[in-house]
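> Fold the stuff below for me.
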Amino acid sequence: MRFRLRALGLHLIASVLVLTLVLGSLYLGWYRWPGWYLADALRVLAALAGVDLALGPLLTFVVARSSKPRRELARDIAVIVVIQLLALSYGATLLWKGRPLYYAYSEGVLQLVQAYDIDAQEAALARKQNPELAPHCYSLPRWIWAPLPKDPIEHDRIIKSAVAGGDDVISMPRYFKPWEQGLPELREHLKSVGEIVQFSSADRKTLEQRMRADGLAADRGNSMVFTGRGQPLLAVFDPASLKIEEILKVDQARHRK
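Coordinates of the predicted model:
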């Protein structure tokens, strides 16, 4: 039993170190708040933790016996490690393809834009037409403004596509503009939390209570919904400077930008 526990402990430590290295790099680069929440990354993380931190070391505990020939034991553990690495590679690939690239203000809403929202053709167009804000493999998340184009034909085409569930302007970085340029329009679309229909009435009351607890005005036009793959968030702005004061989620604590 002592031999098995030692094998389990060593395997668990190694698994924790590798998982921390991979996920830590993704988190520090792309998935810091609010990226991980809006991207709904916890589901992938839970699956990775289940395979790499639970199943792998547990299987080592099962196969590790002091009486087993060392070559056979090494073979069994190698098979377990290969399975772990395959699961880690798959999960890390999913997280990489879904990494946050932009936090976009567009048409009265803040939205998360992930890597797989932008196809290769759109990325290539952006690198030619809008190189400063074009996505690259090394791009870190940026705050941008994604206005609809002024050309009426392209404007209507994008709206029709978005309504039909196709590409929207937030997946077309050739049209992106610096965040600061969109602030005058953003100001016009700020609402009080009670006016934001994306939240239920119960959620609006909860958010109002949290805003008041933090000394923020809950009855002023200073808020905007912040959407992604996960549950929506509430972004609260300073009405004067238009800096984000807090980003609130309904179920738990608040976070500052």
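
> What's the separation between Ser201 and Met211?
16 Å (CB to CB, to the nearest Å). C-beta coordinates here come from the backbone N, C-alpha and C atoms, glycine included.

> Enumerate the positions of stretch 62-76 that are buried.
By neighbour count on 16 or more other CB atoms under 10 Å, the buried set for stretch 62-76 is 63-64, 73, 76.

> go on, stretch 136-154?
Within stretch 136-154, the residues scored as buried using 16+ other CB under 10 Å are 139, 141-142, 144-148.

> and what of stretch 110-125?
By 16+ other CB under 10 Å, the buried positions in stretch 110-125 come out as 110-115, 117-118, 122-123, 125.

> In helices, which of those fall?
Of these, the ones assigned to helices by DSSP state H are 122-123, 125.

> will you turn the residues you listed into JSON lines that also has pLDDT and distance to Ile196?
Converted to JSON lines, those look like this (pLDDT from 0 to 100; distance: CB to CB, whole Å):
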{"residue": "Glu122", "pLDDT": "95", "distance to Ile196": "30"}
{"residue": "Ala123", "pLDDT": "95", "distance to Ile196": "32"}
{"residue": "Leu125", "pLDDT": "95", "distance to Ile196": "33"}
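
> Of the residues you listed, which is the nearest to Pro69?
Ala123 (53.1 Å; CB to CB).

> Just list what the helix or strand hosting Trp96 packs against, helices and strands only.
Per DSSP states H and E, Trp96 falls inside helix 70-97. Secondary-structure packing of helix 70-97 (3 or more CB pairs under 8 Å, 6 or more residues apart in numbering; DSSP states H and E): helix 2-26, helix 42-49, helix 56-63.

> Now the element after the longest one, going C-ward?
Following helix 2-26 in sequence order, the next helix or strand is helix 35-38 (DSSP H and E).

> How confident was the prediction at Ala115?
Here the pLDDT value assigned to Ala115 is 96.

> ok, it touching Leu94?
No. Using CB atoms under 8 Å, Ala115 is not in contact with Leu94; the gap is 10.8 Å.

> Domain map for this protein?
As given by automatic domain parsing, the domain ranges for the chain are 2-97, 100-182, 190-255.

> quick one: the first one to chain centroid distance?
On the basis of CA atoms, centre = their mean, to the nearest Å, the separation between the geometric centre of domain 2-97 and that of its chain is 21 Å.

> next one: the shortest one
Computed by CA atoms, centre = their mean, the separation of domain 190-255 from the middle of its chain amounts to 19 Å.
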